[in-house]
Structures are given as structure tokens and as C-alpha cells.
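In: What shape does this take:
(4 chains)
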Protein chains: 2
Amino acid sequence: MTTEAAGRRVRRPSGGAASLLEVAVAEFNTRGYDATSMEDLSRAAGITKSSFYHHFTGKEALLRAALERALSGLFGVLDEPAATTGTPLARLRHIVRGQVAVLQRDLPYVTLLLRVRGNTESERWALARRRAFDAQIAALVKEAVAAGEIRPGVEPALAARLLSGLVNSVVEWYRPGRPGTANLPDDVARAVFEGILPAAG
Amino acid sequence: MTTEAAGRRVRRPSGGAASLLEVAVAEFNTRGYDATSMEDLSRAAGITKSSFYHHFTGKEALLRAALERALSGLFGVLDEPAATTGTPLARLRHIVRGQVAVLQRDLPYVTLLLRVRGNTESERWALARRRAFDAQIAALVKEAVAAGEIRPGVEPALAARLLSGLVNSVVEWYRPGRPGTANLPDDVARAVFEGILPAAG
DNA sequence: GTCTATAAATCGATAGAC
DNA sequence: GTCTATCGATTTATAGAC
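Out: Next up, the predicted model:
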């Protein structure tokens, strides 16, 4: 064994940078990024502040790594074949389902991304990437409306904003294994295209 | 005049507690509550930190006042006559419109409310009040589904969460006077009951 | 790769003069 | 009701031993 009984203190291996990032993102989401100190992160990871600095150059480096992971997941959806071929409406339906799926899979990372305010360079970079993502979807909504695939009277810009808002709001309550969320991507898609509370009859 | 030319320094009247609260909430929403220091608030208000403390006992007192205002606006909607009489579906439609209207009227305050994480007693109180608000709406959704007013197959708990998410997401992009938002309460209500992107035909 | 110890800056908040 | 000045705690980050 590596730790001697006569040793002055127990060494607590951290599990590597990936494991530390996971811990940090969870803390950020619980308390908020700005309210979480490096001391908080160290305590949660079971090592000291100094040890944490050995793996990441600082607090913002952690944030940056988390935001990159979230954005790479989201943009991955736009690159899938079903998101680039077919009618605008079919592509939109696929993207909505895919976005919800990514949000479920990378929940902590996407949650953090959606709460970024723009205080640092990394945050502003993430906000710009988010805007680019939303703009691609807004363009597709516009196409679908222009092609007559959407019921007349729907304003594309407003619809795109409400669409983003509805999909992203899932991070506020979804937790893995939660009852009634087995087919969440399809359920959200149905809400988008048929209504959250469609009238009977 | 009250300020002499020979005076050592210019006095800068703050405009009262209400005016200071407005300034503070705007700063909180721009930078995030935790990332905003009393120094930031003082600079934005044009007075010193000490002067700010003369009007509010501290940073959290400002937050508390703002959260109370937001919650009083939201709960006001549930007390309106049209929210307590009629069919569940009609009451829901009124509440959705009213909630969006409050969100437009008290935008900075509601924005701050929706970003609270639960780090302090005031924040936990606000979260509990939000849960109570959401629970009332969820109960009404359940009533409407049970009464057969909603198309069969809609899960009440999920629908209530998506409803809250869609409505609340408006604070992420709405700004007073923004083009295309003249009838936002009705537009959001239509999205809820008919779909954000209803298929043509 | 972990630790102790501490630097340097900033934080929320207070004392007390005018 | 404003100000200057400052306290004590906390924060991010670094130095250097093991």
C-alpha cells in the first residue's frame, strides 16, 4: 500500500481531471458558478485547493472545459444526417428530439451553459456559440414557415424563441430516471408541434 | 442651493430606496447576484457603498425586496376573478396570459426571481413560493385533463412543467418595446394550446 | 500529485465626521 | 443622507516541502 500508518497525513487521490470536472460542474449547478469557491470545489472533491490547481489552471478553466463539452454536444445534433436532409419541418422535428436527448445525456454541462451570464471571456464565447446555435434553428423555422409547412400566422422569430425556451427549460426539472420521462424527446416534440395543452375534440 | 461651490465634495442624492432597488436589480440581472458587489451597486447608483448601506441593511435585503415584488405580481394573477371562475381550461388560459403580462411589466424583478439558486434564506423562501405557485397551476392542469378538456394522452405533470418552462423562458429575450411582442400574452397562450409550430393543413 | 502556508486582492459591512 | 477610512473574513492563486 502507498499510505503508511506512520505517515503524517492520508493522501486522497482525486481520480484525474475528468473526475474533478464532474465534481466541479455539480457544485457550480448547485450553488451557482460565482457563489462556488475553489475551497468548495476542493472539499467536494476530497483534496486541497492546491491539488485542484495542479489539474486546472483556475476556476475559469473548469468553466471553459464544461462549456465546451455542452456546446460540442449541442452542435453535434446539427451535424447529424437527419438534421441536414429532408423537409425543414422534418429536420426541425429531428433537431428538437436530438436537442432534448443531448440535454438529458449531458445534463450538468448543458445546465451550466444555460446559466452563463457573460462575465468572463469564456462566458462571452459560450454565449456567442449559443446565439449561433439558436440562429441556425431560427433560420430553419423561417424556412418551414415560408414553405407553408406551418399553419399560417405563426411569426418565425417568435416561434424560434419560444421553441428554444421550451426545450431548454427541461434542464430546470429533468433528472435521470425520473418517472414519466422515458420518452421525453418525443413528448417535447409533440408539445412543440401540437401544443402543450391541446384542446380536446 | 444645498451644495456650496466651496464644498470639498459634490453630494449626489440617490433618489430614494425604490430608485436604488431598481438600479440594484438591473445590476444583479446583468452580472448575476453573486458576481455583483456592493461596490458595483454603489458605482451604478452614483453613491458610495456606505450611503447604500444607509438605505438597505445589506445585499440580501435588496434581493429580498426584489423577490417579494416579483412574487406578489405573480400571485396577483391567481387572485384575479377570471383565474378562479369558469372551466379549468378557461382559467388556465387566463393565467397564462396574465403570467406573461406580469413578466413583461415586472421584467427585471421576475428575471431575478427565476435565477435564484437557494444559497440564502431569502432565496430558499423565494424558491418555496415559486414551487407553491407552480403547484397551483399543475393542479389546474390536472383538473383540465381529468375534465376531458385536453386531448387524451397528455400527462398532466409533464404538461405543467413544460407550460411553466415555456412561459418563464420569455424573460430570456423579451425587452420592452421589442418588435413583434405587442400581443405577447395571446401569442404565448396560442403556442401553449395550439403548438409553437403547428403543422399546416 | 498531494500537502501546508501564505500572499494579494476583494468582499460585505461598520464607525464616525460632516 | 452623504462621505472617508477601515475592519475582519473570504477569495483566487502561488511557493515550496514531501
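
In: now the helices for chain A?
Out: When secondary structure is read from DSSP state H, chain A shows helices at A:17-31, A:38-45, A:49-55, A:59-79, A:88-105, A:107-114, A:121-146, A:156-168, A:184-194.

In: Of all the ones you listed, which one is nearest chain B?
Out: helix A:156-168 (2.4 Å; CB to the nearest CB). Every C-beta, even on glycine, is put in place using the N, C-alpha and C of the backbone.

In: what angle sits between the closest one and helix B:184-194?
Out: Angle of helix A:156-168 versus helix B:184-194, following axes from the mean of the first three to the mean of the last three CA atoms, to 10 degrees, is 60 degrees.

In: does chain B sit close to helix A:156-168?
Out: Yes: interface with chain B: helix A:156-168 contributes A:157-159, A:161-166, A:168 (CB under 8 Å from any CB of the partner chain).

In: what angle sits between that helix and helix A:121-146?
Out: For helix A:156-168 against helix A:121-146, the angle by the same axes, to 10 degrees is 120 degrees.

In: Now do the contacts for A:V154.
Out: Contacts for A:V154 (CB atoms under 8 Å, 6 or more residues apart in numbering or on different chains) come out as A:145, B:196-198.

In: For those residues, which single residue is the most surrounded?
Out: Highest neighbour count within the contacts of A:V154: B:I196, with 30 neighbours (other CB atoms under 10 Å in any protein chain shown).

In: Verify the stated contact: that residue with A:L162.
Out: Yes: between B:I196 and A:L162 there is a contact under CB atoms under 8 Å: 4.8 Å.

In: any residues in contact with both of these two?
Out: Shared contacts of B:I196 and A:L162 (CB under 8 Å, 6+ apart): B:L166.

In: Can you name the residues of chain A that neighbour DNA strand C?
Out: Taking CB under 7 Å from any atom of the strand, the part of chain A that reaches DNA strand C is made up of A:9, A:11-14, A:16, A:47-51, A:54-55.

In: Greatest separation within the residues you listed: which pair is it?
Out: Using CB to CB, the two most remote members of these are A:R9 and A:G16, lying 21.0 Å apart.

In: neighbour count winner among those two?
Out: More neighbours surround A:G16 than the other of A:R9 and A:G16, with 9 against 6 (other CB under 10 Å).

In: Which single residue of chain A approaches DNA strand C most closely?
Out: When scored by CB to the nearest atom of the strand, chain A has A:S50 as its residue closest to DNA strand C, at 2.9 Å.

In: For chain A, which residues are neighbours of DNA strand D?
Out: Counting by CB under 7 Å from any atom of the strand, the positions of chain A adjacent to DNA strand D are A:36-39, A:49-50, A:53, A:57-60.

In: Neighbours of A:V141, how many?
Out: By the measure other CB under 10 Å, the count of residues near A:V141 is 27.

In: Assess the claim that it and B:I196 are in contact.
Out: No: A:V141 is not in contact with B:I196 according to CB under 8 Å; the separation is 9.0 Å.

In: Disregarding residues adjacent in the polypeptide, which is nearest to A:S164?
Out: Excluding the flanking residues, the one nearest A:S164 by CB to CB, 6 or more residues apart in numbering or on different chains is A:D134, at 5.4 Å.

In: cool, A:A200 as well?
Out: Distances taken as CB to CB, 6+ apart place B:R151 nearest to A:A200, at 5.1 Å, with adjacent residues excluded.

In: got the phi/psi numbers for the one you found?
Out: phi -50, psi 140 (degrees, to the nearest 10).

In: For it, give me its contacts.
Out: Taking CB under 8 Å, 6+ apart as the criterion, B:R151 is in contact with A:194, A:198-200.

In: cool, A:E172 as well?
Out: By CB under 8 Å, 6+ apart, the contact list for A:E172 reads B:161, B:165.

In: With A:L89 instead?
Out: Residues in contact with A:L89, defined by CB under 8 Å, 6+ apart, are A:144, A:147, A:149-150, B:197, B:199.
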